[in-house]
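Q: with the sequence up front, the predicted model follows.
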Amino acid sequence: MKKILVVLGITCLMAGCTNVSTSPSPTTPPYIEELRALGYTEETIQALQEKLTEEQMDKLTEYDYVAVLLDIINDPDFQVERLEDYLSHYEPGMNGSALVYLINNNISYTYNEKLASIMNHPYFIVKNLERYLNYEAEDVNTIIQVVNSNTDREFYTQIQATDLSKGILLITNKYYQLEEDYVNEDLVTIDSKYSNRSGQKLNKEAYQAFQKLVDAGEEDGVSIRNLSAYRSYSYQNNLYQGYLKDHGQEWTDKWSARPGHSEHQTGLALDVAVKGQQSFDGFENTEEFAWLQENAYRFGFILRYPENKTAITGYGYEPWHYRYVGVEAATYIYEHDITFEEYYAYFVEQEK
Ligand SMILES: [Zn+2]
């Protein structure tokens, strides 16, 4: 800085300037020209200047153009003392927050086409980056799906408490657990008009949506009814233990949830059947099922355990089991053909 002032002073004298003692008029620091030459836009340079010191700005000129430099410095985990590490590890096509994550956590990686498509996948989650790297599969979609839904981990390991603050979007599965005493606070009794069994309960909002669904179905000539909705922890426990005795561990874990892990405990899920039937056997081949395939999402319900998604949901195909998530989430899940596990990881847990 001192050197610049002296140079300016001389320039001033040579130009016949008499007011040498006042501060120099604003001049463009030399790094600006260099950054422009590297490919940085005026807008980016200005934004960088707000975050970095003169010295750090000057450092940037020693590296090639980093297209995601703004993403890097605006990342919540950006560490200014690692600036040069980020710059020296940048490769074209890299995702800025992914690079910050790799450097901050000292993760060793090989940057190639596969890693580039992982980083730029629409459902990429930076905190899962190390697990994507560790999961062996050729197909990037599979890697993203499996890790985001936690199925790279063994069932019933690393169990977290279900985040109840997510309301109708809360999740429970083989990795998220409800407390033993958790009961949905808005349970109401389902009218016999909508249920093949009496005394069944459902969350009020889900029930109102289910009534609309059933009524709309009737208008189209199908008769959908509830068969089994809310189940308490202890009820689920008895059910699970019964299956375990009769069918063994593997079968039981495929078709029945361990207590605390059942969607039926949330009050937001129900098994359906055709009117008057006490079983959902063969439900897949009914007009009612075909109608639900096309229409359930319009009322906020999703088919929770689809046929081709058992590796992600952790459950066998259950054409009868529906979960209320609200119209917005149900529509997205329907239109993008994803599971609730994936939707939850990307949109609910992340709060995008
Ligand atoms: Zn069910």
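A: Thanks, I have it.
Q: mind checking how far stretch 272-281 is from the chain centre?
A: Centroid separation between stretch 272-281 and its chain, computed with Cα atoms, centre = their mean, to the nearest Å, is 34 Å.
Q: report pLDDT for P29.
A: We note a pLDDT of 88 for P29 in this prediction.
Q: that one - how many residues pack around it?
A: Residues lying near P29 (other Cβ atoms under 10 Å) number 14. To be clear about C-beta, it is placed using only N, CA and C from the backbone, and glycine gets the same treatment.
Q: hang on, isn't it packed against E54?
A: Yes: using Cβ atoms under 8 Å, P29 makes contact with E54 at a distance of 6.6 Å.
Q: so the closest residue to the ion within the stretch 151-300 of the chain, which state does it fall into?
A: The ion sits closest to D271 of the stretch 151-300 of the chain, with a gap of 4.2 Å, by Cβ to the ion. With DSSP: H, G, I helix; E, B strand; the rest coil as the basis, D271 sits in strand.
Q: does it touch L227 like I think?
A: Yes: assessed by Cβ under 8 Å, D271 is found in contact with L227 at 4.8 Å.
Q: what residues are shared contacts of these two?
A: Shared contacts of D271 and L227, defined by Cβ atoms under 8 Å, 6 or more residues apart in numbering, are found at 280, 320.
Q: burial of the residue of the stretch 201-350 of the chain found nearest the ion, as a residue count?
A: When distances are taken as Cβ to the ion, the stretch 201-350 of the chain reaches nearest to the ion at H321, 3.7 Å away. Burial measure for H321: 21 neighbouring residues, criterion other Cβ under 10 Å.
Q: what's the answer for the one 4 residues further on, then?
A: With neighbours defined by other Cβ under 10 Å, the count for V325 comes to 28.
Q: repeat that for D75.
A: Residues near D75, counting by other Cβ under 10 Å, number 19.
Q: how about the one 4 residues further on?
A: A count of neighbours around Q79, defined by other Cβ under 10 Å, yields 12.
Q: contacts only, for it.
A: 100, 104.
Q: 7 Å instead, please
A: Neighbour list for Q79: N104 [criterion: Cβ atoms under 7 Å, 6 or more residues apart in numbering].
Q: likewise the one 4 residues further on?
A: The contact partners of L83, taken as Cβ under 7 Å, 6+ apart, are 56, 59.
Q: 6 Å instead, please
A: Contact analysis of L83 by Cβ atoms under 6 Å, 6 or more residues apart in numbering lists Q56.
Q: that one falls within a helix, correct?
A: Yes: assignment of L83 by three-state DSSP places it within a helix.
Q: mind checking how far it is from the ion?
A: Distance of L83 to the ion, computed by Cβ to the ion, to the nearest Å: 52 Å.
Q: same deal with V100?
A: Distance from V100 to the ion, by Cβ to the ion: 42 Å.
Q: which of the three states applies to the residue positioned nearest the centre of the chain?
A: For the chain, Y346 is the residue whose C-alpha lies nearest the centre (Cα atoms, centre = their mean; 1.2 Å). Here Y346 is helix, with the state taken from three-state DSSP.
Q: sorry, back to before: let me know the pLDDT of the residue of the stretch 201-350 of the chain closest to the ion.
A: H321 carries a pLDDT score of 98 in this model.
Q: swap in the one 3 residues further on?
A: At Y324 the predicted local confidence, pLDDT, stands at 98.
Q: buried residues in the helix or strand harbouring Y101?
A: In this assignment (DSSP states H and E), Y101 forms part of helix 96-104. Judged by neighbour count (16 or more other Cβ atoms under 10 Å), helix 96-104 contains these buried residues: 96-103.
Q: how about the helix or strand just after it, which residues are buried there?
A: Downstream of helix 96-104, the first helix or strand assigned by DSSP H and E is helix 113-119. The neighbour-count check on helix 113-119 (16+ other Cβ under 10 Å) flags 115-116, 118-119 as buried.
Q: same check on stretch 73-91?
A: Applying 16+ other Cβ under 10 Å to stretch 73-91 flags 73, 75, 78, 83, 85-87, 90 as buried.
Q: and which of the residues you listed is nearest to G316?
A: D75 (40.8 Å; Cβ to Cβ).
Q: so the closest one makes contact with L99?
A: No: D75 lies out of contact with L99 (Cβ atoms under 6 Å); the separation is 8.8 Å.
Q: can you give me the strands for the stretch 151-300 of the chain?
A: With DSSP state E, counting those that start in this stretch as the criterion, the stretch 151-300 of the chain has strands at 160-161, 176-177, 187-189, 201-203, 224-228, 269-274.
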